[in-house]
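Participant: here's my sequence, what's the structure:
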Amino acid sequence: MLKRMWVILIILVIGLPLLATAGLRSWARGAKRPANLGVTNGQLAPCPDSPNCVATQSAKASQKMPPLTYAGSLSEAKARLIQVVQAMPGASLLTNEDNYLAYVFRSRLIGFPDDVEFYFDDAAKLIHFRSASRLGRGDMGVNRARMEAISKAFATP
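Facilitator: Okay, the predicted model is just below:
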């Protein structure tokens, strides 16, 4: 009887977290990319009201960050930014157009997806960006920390 209780306890302690992780991973993998992403009239999609988004073009101060600046050509700036982003863990390039890049970042354990977009305004020599979680409401500051790291790495020669 005691041995059976230990087996049940071990199953509960080990098995339930594994099942929960597998369920969350499945939920995260099934999250679809929002249809409103991309550039429209020089603007990236606005951030939702949730605190899991940062953007250079946000009207909300808590979500706003400064754009990246560059000198030289758009192609040089784009190549540099691609190099910086590709060096980060969990980054997968989805779209590479003339003045637009789109990535999905996935968290290591569960694979939660975050959409990260860059819009190159070559006339102003600015790179606008938006980073937002596809799922949930909070992100424990992951999107802001990611964009701060990208901004710092891009500015460092």
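Participant: does the closest residue to G42 other than its chain neighbours have beta-bridge partners, and which?
Facilitator: Spatial nearest neighbour of G42, excluding adjacent residues (C-beta to C-beta, 6 or more residues apart in numbering): D121 at 6.7 Å. The C-beta positions use only the backbone N, C-alpha and C, and glycine is treated the same way. Beta-bridge partners recorded for D121 (DSSP bridges): L126.
Participant: surely D121 meets H128?
Facilitator: Yes - using C-beta atoms under 8 Å, D121 is in contact with H128, at 6.4 Å.
Participant: overlap in contacts of the two?
Facilitator: Common neighbours of D121 and H128 (criterion: C-beta atoms under 8 Å, 6 or more residues apart in numbering): P67.
Participant: between the two, which is the more surrounded one?
Facilitator: The neighbour comparison of D121 against H128 (other C-beta atoms under 10 Å) goes to H128, with 21 against 15.
Participant: pretty sure that one is touching L44, no?
Facilitator: Yes - with contacts counted by C-beta under 8 Å, H128 reaches L44, the gap being 6.0 Å.
Participant: so what sits against both of the two?
Facilitator: A55, T56, Q57, Y119.
Participant: strands - which of these land there?
Facilitator: Assigned to strands by DSSP state E, the following of the shared contacts of H128 and L44 qualify: A55, Y119.
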